[in-house]
Each structure stands twice: as C-alpha cells, then as structure tokens.
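Asks: requesting a structural model of the entry that follows:
(chains A and B)
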Amino acid sequence: MSALAEKRTIVQILWSALSNGYLAGFRQGRVYDGPLKSFCVPGLNCYSCPGALGACPLGSLQSSLATKSGIVYAVGWLFLFGAALGRLVCGWLCPFGLVQEALHRIPLGKKWKKLPGDKILVWLKYLLLIIFVILLPLFAVDAFGLGTTWFCKYVCPQGTLEAGIPLPLANSALRSSLGFLYHWKLSILIAVAALSVFVYRPFCRYLCPLGAIYGQFNRISVYRYRVDEKTCIHCDACTKACPMDLSVYKNPNQSLCIRCGRCKAVCPTGAVTSGWTVWDGKKGKALVSHAHPARNREGR
Amino acid sequence: MKRGIGYGIVALAVVMLFVGAHLGGMDAVWQKASVICLECVGLG
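Replies: From the prediction side, this is the model:
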C-alpha cells in the first residue's frame, strides 16, 4: 500500500469514527439529537445511526422534499460539499466507501474494476437520484401532503448497516417491529457487501445518488485534479492504476473519479497533480497547489 | 472560468445555509424524525 493510500485509509477511519462518535447511542439504542445534528456530514452517513453526530445530506434532501420544508438548507449543504470538494468526499470522507474498500481487500476470487454492462449500469444512480430521491418524496404524498424518504426507506444499504442493525440490537421495541421491509433492505446490504468483495466500490459506481450529485461538481469544484500536458507522456500508468478504470490524462475530473489519488502516486513524470484552486484575479487564471509525491521523493 | 463557478457555488451555498438556518435549519428538514428516522432503519 502506498503512503498516500495509507494516509487515505487513516483519514477514512478517523472521519468515520469521528462522525459516528456518540457512543452512548449504541449502548442505549437511541440516536443523538443534540446541536451538532443541525449540520450535515459530507458523506453517506445515516441520520439514524446511533452514533451519528451529524445528518446525512442525501437523507436530509429527501426529508426536506418530502415535508416541503427546509429545502434551501438541505440543498445548501450539497452545494457546499459538492462545489468545494466534488467526489473527494467519496474517496476520503464516506464511511460506506470505507466499508466497501475493506471488503474488497478480502483475498477472495478475481477482482474486477467494473461489471459487464458497465456503460448502462453507471446510469442507475442517476435514475435512483431522480426517481427515489427527488420525484417520489416530492410527489408521492399522503392526505396531509407529506411524502417519505424513498431511497432511505427502500434502498439505502448504509442506513441498514448503520441504523438497521445496531438500533434493533440495543432497542427491544424496535426489534419487535421488524418485518418484510427490514429484510428487504438487509438483502440489499448483503448483496452490495458480497459484490464489494469482487468489484471495487459497486455501490459508489452504480447506485449512490449522493455520488451522482457530487460527480456533477467534479468539473467545477474548487478542489480538483489537473494533468500537465507538457509533462504527460500518455503512458497509461494512471489508467491502469485507477480503481474506477478512468483515463485520467484524457479528463482528470470525470464524474466517476473519487479522487483517491492513485493516479498521482503512479505517474512517472509528475504530470498529475491535485489541490485547491487559487483564484488569481490579476491574471484571471487558477493555480493548483500540492506537489506531486514523486517530485517530493526526488527532491525536485 | 470553471474555477470561478466553483467559488460562486460555494458562496451561494453559504448564503443558502444562512437563509436555511434562519428558516428553521435542520429542525425544518427532519420534522418527521426528531427522534429516529424509522424509514432509515427499515421500519417505516
């Protein structure tokens, strides 16, 4: 594992622990409802996880659309994280991404970057975003005009993992209420977990509506990747190393890129860089910071 | 130009969060789930 990969794993673990640090919730079978819950965390992190200190941005979006209340606030969080970081959130700050990567490290069977039919399957997350996250919560309403969080209720495996498993374990009242819906969601979680052993981050690639949203920000986000055309030798090392199977030198800010940094680590000429763009008002162009790891090693 | 858009949306997001917080913030967003979001658990 490269130094950058190690650093990323440490950040993922620390962030997941920090954002789910309300340990009393796990013991008592209840969720934290203190002041920090007024903020969204950047990644997919269930609101009802007993340890969750913040709210899930995707759940918040659905809930705001379902109740027709707080929409500006929920969308504001998505804009903030998306425009600042893009899918850097997926690669570094999403607990469910960490879980999938851990499962993928299990030395079992052949490892795949993508499934057959990938070109069609990658559109599934946009379908889920439009139908389950936006349209159904907004328009499938009860007599009081209230909708429900369809993606959370019928699909989200992270909700099952973080809330559906620990809460009923510690809360007997919830345990006695488990029915078909619970087992349906548990089946989805098991399927995604099993697939993750063989395919790199299948949920992120094919199903995650939050990744679909952040992916659209990749091209314009303040944190971004850059390929220096003058030093790039088109050796394809970045493409071979990319776990999402992307041609980095053709487009370093594609919507599927989770910004894990493997392309930077393997680039022999240091052509791939990433960092915060600094708006240079006088010259009217942006600069990208962050030195390339290879350059650091060579002392250039 | 693209970089400018990124900064613009970040600024817009900050304004939206201030306005949204003034309009009730997360309490308004999660009014059905002040304790536990049962849909999230799989019990909805």
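
Asks: strands of chain B, start to end?
Replies: Ranges of strands in chain B, per DSSP state E: none exist.

Asks: ok, chain A next?
Replies: Counting by DSSP E, chain A has strands at residues A:223-227, A:272-280, A:285-288.

Asks: could you tell me the least trusted of these?
Replies: Averaged per stretch, pLDDT over these is lowest on strand A:285-288, reaching a mean of 50.

Asks: so for the spatially most central residue of chain A, what's the pLDDT?
Replies: Closest residue to the average C-alpha location of chain A: A:Cys90 at 3.2 Å, with Cα atoms, centre = their mean. pLDDT, A:Cys90: 98.

Asks: before we move on, what about the one 5 residues further on?
Replies: We note a pLDDT of 98 for A:Pro95 in this prediction.

Asks: ok, the residue nearest to A:Ile131 when sequence neighbours are not counted - how many residues close by?
Replies: Nearest residue to A:Ile131, sequence neighbours excluded (Cβ to Cβ, 6 or more residues apart in numbering or on different chains): A:Trp150, at 7.9 Å. The way it works is simple: take the backbone N, C-alpha and C, and place the C-beta from them, glycine included. A:Trp150: 24 surrounding residues under other Cβ atoms under 10 Å in any protein chain shown.

Asks: A:Trp150 reaches A:Leu65, doesn't it?
Replies: No: with contact defined as Cβ atoms under 8 Å, A:Trp150 does not count as touching A:Leu65 (9.7 Å).

Asks: overlap in contacts, those two.
Replies: The contact sets of A:Trp150 and A:Leu65 overlap at A:133, A:137 (Cβ atoms under 8 Å, 6 or more residues apart in numbering or on different chains).

Asks: list the contacts for residue 41?
Replies: This is for chain A. Shown in contact with A:Val41 (Cβ under 8 Å, 6+ apart): A:19, A:52-57, A:93.

Asks: that was the other one, I meant chain B.
Replies: Counting by Cβ under 8 Å, 6+ apart, B:Val41 touches A:48, A:159-160, A:163-164, A:167-168, A:174, A:182.

Asks: could you dump those residues to a markdown table with pLDDT, distance to A:Ile71 and neighbour count?
Replies: Below are these laid out as a markdown table (pLDDT from 0 to 100; distance: Cβ to Cβ, whole Å; neighbours: other Cβ atoms under 10 Å in any protein chain shown):
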| residue | pLDDT | distance to A:Ile71 | neighbour count |
| --- | --- | --- | --- |
| A:Ser48 | 92 | 21 | 29 |
| A:Gly159 | 96 | 21 | 32 |
| A:Thr160 | 96 | 26 | 24 |
| A:Ala163 | 94 | 23 | 30 |
| A:Gly164 | 94 | 26 | 27 |
| A:Leu167 | 92 | 27 | 27 |
| A:Pro168 | 91 | 31 | 20 |
| A:Leu174 | 86 | 29 | 21 |
| A:Tyr182 | 95 | 29 | 19 |
